[in-house]
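Undergrad: Need a 3D model of the following:
(one chain, ligands or ions: 2)
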Amino acid sequence: MITKKIALVEGDGSGPEMMAQAVRVAVEAAKLDGINIEFIKTPMGWSAYHKFGDTLPIESFETAIAAGVIFFGGVGDFKDDSTIGVTRPELRPEARVLLALRKRMGLLLNFRPMIYYKALAPLANVKTEVIPDQGIKQVWIRYLLEDSYFGNADLLGKMPQDIADRIGVKMKQDVTGNEEIVSDIAYYRKETIEKYIRAAFAYARKVKLPLISIDKYNVMARYVFWRSIVSRIGKAEFSDVPLVHQLVDSAAALLFTPAKLNGVIACGNEHGDILSDGAAAALGSMGMMCSASINPDTNAALFESGAGTAPTLAGQDKANPLGRILTGALMLRHIGAEKGAAAIENAVNKILSEGYRTGDLITPADDPKKLLGTKAAGEMVLSRIK
Ligand code: IPM
Ligand code: MG
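TA: Numbers count the residues shown, from 1 in each chain. Ligands and ions are numbered 1, 2, ... in the order given. Just a heads-up that it's a prediction; the model follows:
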């Protein structure tokens, strides 16, 4: 057995309940590969604020960064957002915690594989006949740095203050609402796009899928730049990987005919945020979405389910932990526990085919006796792993 240390952020709302299940499943499954996972708790989010006075306690931050791999339960709760968050907006954890981790760890690649479960077909928001029998392969790789998310923070200090004032470049927490103009600078750097797109092409080659590159080159300069770099690298280094350019608006329309978006999908930070939620909802449920953010140079990584923290269900053993559990499978694959990862994915598929459902997944056609709470869902997955 080798021991692998991983930072654990249990998070807010139903996060701790869901993560308790995801953790026990990951620990058990990793043993199949001879890996003993040791989780180190690094509290972040509003729950951390109530104990330590900050949504991102510096000790948690440094410990998590040092671990290099973070299992992240999700942060944010509308109750604290609408009270403490109003007077101290800089503490709101979605931006304070997640963006800081992404930036500091250099998490450029955000994998969001969309898994279509036949058993959950009634939940899909597309007509079942547009989904072929062999299913859908849709792996989103969102560009997770730069763009409009980080532009102001990255570039504010690099421009004279009078210019920043004139064009309204501000930090989010400094916006008062009394401004005449406010802008978010969206930018891409050549070397970052090159690194990103090489990784996306290499992944497409490995999984034998086309690369679909999303942009808005008909209107925006940064996407003319994006498309020219993608085309150049595709032609010179990955001529064996089919490449399709897709405008972002038409890509949104294709979410409803997902077989036409079959491939590895490369997209900008803001486009990827929006489209990946749509893709998850089109194919099934947000509760099943999983996500892995990776630095391709250092291999530092953060594993978070794309779903929220379900604050209204907190403490009731009702939230769906399957997205967290599946995200654990992505994490296991990253640390070399391939058998464990596959075991988790098969177990989730199995319990769904057997008719088990969490509250968000159940429909009137399902057997109400097979409704699972958070803990029971974790136990059921666990029982199909051993
Ligand atoms: C996501 C989330 C985050 C984002 C928020 C919580 C900062 O929506 O990971 O998609 O916008 O990137
Ligand atoms: Mg999002």
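
Undergrad: isn't there a strand covering residue 142?
TA: Yes: checked against DSSP: H, G, I helix; E, B strand; the rest coil, residue 142 lies within a strand.

Undergrad: Number the chain from 691, please
TA: In the new count, where the first residue is 691, that last one comes out as residue 832.

Undergrad: quick one: contacts for it?
TA: When contacts are counted by Cβ atoms under 8 Å, 6 or more residues apart in numbering, residue 832 touches 799, 800, 802, 957, 958, 959, 961, 962, 963, 966. In short, each C-beta sits where N, CA and C put it, glycine included.

Undergrad: If we use 10 Å, what do you get?
TA: Contact analysis of residue 832 by Cβ atoms under 10 Å, 6 or more residues apart in numbering lists 798-802, 886, 904, 955-966, 981, 983.

Undergrad: what bridges to it?
TA: Beta-bridge pairing for residue 832 (DSSP bridges): residue 800, residue 957.

Undergrad: For the residue nearest to the spatial centre of the chain, which residues are in contact?
TA: Nearest residue to the geometric centre of the chain (Cα atoms, centre = their mean): residue 981, 3.4 Å. Contacts of residue 981 were listed using Cβ under 10 Å, 6+ apart, and they are 762, 800-803, 830, 832, 834, 966, 970, 992-997, 1013, 1016-1017, 1020.

Undergrad: returning to that earlier point: buried ones from the contacts of residue 832, can you make that a ChimeraX selection?
TA: Burial among those is assessed by 16 or more other Cβ atoms under 10 Å; the matching ChimeraX selection reads:
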select :798,799,800,801,802,886,904,955,956,957,958,959,960,961,962,963,965,966,981,983
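
Undergrad: hmm, back to that, the residue nearest to the centre of the chain should be in a strand, yeah?
TA: Yes: assessed with three-state DSSP, residue 981 lies in a strand.

Undergrad: Show me what it is bridged to.
TA: residue 994.

Undergrad: now swap in residue 934 and tell me
TA: Listed by DSSP bridges, the beta-bridge partners for residue 934 are residue 902.

Undergrad: So which of the contacts of residue 832 reach ligand 1?
TA: Among the contacts of residue 832, the residues that sit close to ligand 1 (Cβ under 6 Å from any ligand atom) are residue 963.

Undergrad: what pLDDT does the residue nearest to the centre of the chain get?
TA: We have a pLDDT of 94 for residue 981.

Undergrad: Same question for residue 998.
TA: 83.

Undergrad: List the residues that contact whatever residue of the stretch 791-940 of the chain ends up closest to ligand 1.
TA: Closest contact between the stretch 791-940 of the chain and ligand 1, by Cβ to the nearest ligand atom, is at residue 839 (7.0 Å). Counting by Cβ under 10 Å, 6+ apart, residue 839 makes contact with 785, 788, 789, 792, 793, 833, 874, 876, 958, 959, 960, 963.

Undergrad: same deal with residue 915?
TA: So residue 915 contacts 877, 878, 879, 880, 883, 905, 907 (Cβ under 10 Å, 6+ apart).

Undergrad: Do I have it right that the fifth one meets residue 833?
TA: If I follow you right, that is residue 883. Yes: using Cβ atoms under 10 Å, residue 883 is in contact with residue 833, at 7.8 Å.

Undergrad: what's near enough to touch residue 1011?
TA: Here residue 1011 is in contact with 704-705, 707-713, 715, 763, 977, 995, 997, 1018, 1048, 1062-1068, 1071 (Cβ under 10 Å, 6+ apart).

Undergrad: ignore the last one, residue 752
TA: 732, 794 are the contacts of residue 752 under Cβ under 10 Å, 6+ apart.

Undergrad: So what's the gap between the helix or strand containing it and the chain middle?
TA: Taking DSSP states H and E as the criterion, residue 752 maps to helix 748-757. Its chain's C-alpha centre and that of helix 748-757 lie 20 Å apart, by Cα atoms, centre = their mean, to the nearest Å.

Undergrad: The helix or strand following that helix and ligand 1, any residue contact?
TA: Downstream of helix 748-757, the first helix or strand assigned by DSSP H and E is strand 759-762. No: using Cβ under 6 Å from any ligand atom, strand 759-762 stays clear of ligand 1, with a minimum separation of 10.0 Å.

Undergrad: Which one of the residues in the stretch 941-1076 of the chain is closest to ligand 1?
TA: Closest contact between the stretch 941-1076 of the chain and ligand 1, by Cβ to the nearest ligand atom, is at residue 963 (4.4 Å).

Undergrad: how about that residue, what does it touch?
TA: 800, 802, 832, 834, 837, 838, 839, 957, 996.

Undergrad: Check the residues you listed against residue 1029 and report the nearest one.
TA: Using Cβ to Cβ, residue 802 is the member of the contacts of residue 963 that lies nearest residue 1029, at 23.4 Å.

Undergrad: For that closest one, give its distance to residue 873.
TA: Distance, residue 802 to residue 873, by Cβ to Cβ, to the nearest Å: 28 Å.

Undergrad: Check residue 764 too.
TA: Distance of residue 764 to residue 873, computed by Cβ to Cβ: 30 Å.

Undergrad: the more surrounded of these two?
TA: Applying other Cβ atoms under 10 Å to residue 764 and residue 873 shows that residue 764 carries more neighbours, namely 29 against 14.

Undergrad: ok, that one touching residue 993?
TA: No: applying Cβ under 10 Å, one finds residue 764 not in contact with residue 993, separated by 11.2 Å.

Undergrad: quick one: common contacting residues for these two?
TA: residue 1014.

Undergrad: Quick check: the residue of the stretch 691-840 of the chain nearest ligand 1.
TA: Taking Cβ to the nearest ligand atom, the stretch 691-840 of the chain has residue 784 as its residue nearest ligand 1, at 3.8 Å.

Undergrad: number of nearby residues for that residue?
TA: If we define neighbours as other Cβ under 10 Å, then residue 784 has 16 of them.

Undergrad: Over to the residue nearest to it when sequence neighbours are not counted. Which of the three states is it?
TA: Leaving aside its sequence neighbours, residue 784 sits nearest to residue 766 (Cβ to Cβ, 6 or more residues apart in numbering; 5.1 Å). When classified by three-state DSSP, residue 766 comes out as coil.
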